[in-house]
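Chemist: no FASTA, just this:
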């Protein structure tokens, strides 16, 4: 399988270490895109402004995007909200085709969340798109959207700034950052994106979970955005099911990123004090590596080996924080398809637009049962859902194989075409 061949290559060397970036407080909205890289990735400081406010920008080229049409692109830094409601600085990339949009109305934007890149600060999608590091695999996906005439607002997600760690697979964090990157994209000095432009949401794997969280949170968190569709593939809809499958597997590195990432958002929960020497080293490894380095480092690893008490996943889930919340409670909060309903239903998460979900027929990383169950939950809730589980591919290559279908699905929504789901 393609992932296994990539793992072999990954084992030949460790990921590059990230440069040290000076701490700098957030600034007022920029009048021009003159931010340095240090400005973009600086520590949070005292973040001011509303969610989606642009804090800084820098015009860039994207050598990580293969054969794009003419475009302008920017790295950006913007305000978002973490899972606890605190304001945080987040980074990302905006790319806009230079050819005029010819399909009527304002140019639409695809809010894009990349698949897993790793937790090291050098792994940020915005750094990889600009050629500062190379361990990502979705440059062609960005090119596909640009060739269709769509603008792309791609979030790095929280945590890729100085002094922070990416809160991997934490749903509210991801959904907020994905919606806020669209808001910020419309504030770029000299930019051309309009407030009335339609929005599509897209992502695969970690990005697929983020896409569905963006869809679920859109109405309550960013009601002014005209979101018309969402596409999500390879979705780890239930983290308990996913973690059980990953533990001790070839892909245990994803579980390591998840444990470290959840701890980053919930540092009050028991974690550091549980670790043995191997566990403390594992945290450092996960926090410093990108995708291939992490997968190679944790090949076949089991969580039981990283704590002094040899704690299993179930035992970890039972541990309580200072307010009585358990790790299991926090993990369960990330489950997708809970509390959803169509527009006007009064559900906690109303989704008033069509959703496309998909997976590969040869999926070997995310348990197929949780991907199927997430789709079933959306169908049961009455969400207009299109499903495709027929891609003759394993996990990674399904992302590429589905790219044209994802682009068509979203662009059909941008041009007002109706779709009848296949629930």
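Modeler: Sure thing, it's come through. As the structure is a computational prediction, the values presented were derived from the model and not from experiment. Numbers count the residues shown, from 1 in each chain.
Chemist: residue contacts, residue 388?
Modeler: Shown in contact with residue 388 (CB atoms under 8 Å, 6 or more residues apart in numbering): 356-359, 402, 405. For every residue, glycine as well, the C-beta is placed using N, CA and C.
Chemist: and for residue 32?
Modeler: Contacts for residue 32 (CB under 8 Å, 6+ apart) come out as 189-190.
Chemist: isn't there a helix covering it?
Modeler: No: counting by DSSP: H, G, I helix; E, B strand; the rest coil, residue 32 is not part of a helix but coil.
Chemist: helices - which of the contacts of residue 388 land there?
Modeler: Mapping those onto helices (DSSP state H) picks out residue 405.
Chemist: biggest separation within the contacts of residue 388, which pair?
Modeler: Farthest-apart pair in the contacts of residue 388 is 359 and 405; separation 12.4 Å (CB to CB).
Chemist: more neighbours: the two, which one.
Modeler: residue 359 (28 against 16; other CB atoms under 10 Å).
Chemist: model confidence score at the closest residue to that one other than its chain neighbours, please.
Modeler: Here the nearest residue to residue 359 in space, its sequence neighbours aside, is residue 371; by CB to CB, 6 or more residues apart in numbering that works out to 4.5 Å. Listed pLDDT for residue 371 reads 98.
Chemist: over to residue 187?
Modeler: pLDDT recorded at residue 187 is 98.
Chemist: burial of it, as a residue count?
Modeler: Neighbour count for residue 187, taken as other CB under 10 Å: 18.
Chemist: hang on, it in a strand?
Modeler: No: counting by three-state DSSP, residue 187 is not part of a strand but coil.
Chemist: pretty sure it contacts residue 50?
Modeler: No: the pair residue 187 and residue 50 does not pass the contact test of CB atoms under 8 Å, sitting 10.9 Å apart.
Chemist: mind giving me the domain split of the chain?
Modeler: The record assigns the chain these domain ranges, following automatic domain parsing: 27-237+338-414, 239-333.
Chemist: quick one, helices of the stretch 251-400 of the chain?
Modeler: For the stretch 251-400 of the chain, the helices defined by DSSP state H, counting those that start in this stretch occupy 252-265, 277-288, 291-297, 313-318, 327-333, 368-380, 395-401.
Chemist: residues contacting residue 68?
Modeler: 62, 95, 142-143, 146-147.
Chemist: repeat that for 7 Å
Modeler: 62, 143, 146 (CB atoms under 7 Å, 6 or more residues apart in numbering).
Chemist: please flag which of these sit within strands.
Modeler: Using DSSP state E, no member of the contacts of residue 68 falls in strands.
Chemist: neighbour-wise, which of the residues you listed leads?
Modeler: Neighbour counts for the contacts of residue 68 peak at residue 146, which has 26 neighbours (criterion: other CB under 10 Å).
Chemist: was I right about that residue contacting residue 66?
Modeler: No: between residue 146 and residue 66 there is no contact under CB atoms under 7 Å: 10.6 Å.
Chemist: for residue 232, list each beta-bridge partner.
Modeler: For residue 232, the beta-bridge partners are residue 203, residue 357 (DSSP bridges).
Chemist: roughly how far does it sit from residue 206?
Modeler: Using CB to CB, to the nearest Å, residue 232 is found at 11 Å from residue 206.
Chemist: between those two, which is the more surrounded one?
Modeler: Neighbours were counted for residue 232 and for residue 206 using other CB under 10 Å; residue 232 has more, 32 against 25.
Chemist: now do the more buried one, the pLDDT please.
Modeler: If you check residue 232, the pLDDT there is 98.
Chemist: these two touch, right, it and residue 357?
Modeler: Yes: Residue 232 is within contact range of residue 357, at 5.5 Å (criterion: CB under 7 Å).
Chemist: buried stuff in stretch 194-207?
Modeler: By 16 or more other CB atoms under 10 Å, the buried positions in stretch 194-207 come out as 197-207.
Chemist: run the chain-centre distance for that stretch.
Modeler: Centroid separation for stretch 194-207 versus its chain: 11 Å, with CA atoms, centre = their mean, to the nearest Å.
Chemist: do stretch 31-49 as well
Modeler: Distance of stretch 31-49 from its chain centroid, counting by CA atoms, centre = their mean, is 21 Å.
Chemist: helices of the stretch 51-200 of the chain, start to end?
Modeler: Remark: helices assigned in the stretch 51-200 of the chain by DSSP H, counting those that start in this stretch are 125-129, 139-147, 171-185.
Chemist: for residue 250, find the nearest of those helices.
Modeler: helix 125-129 (23.3 Å).
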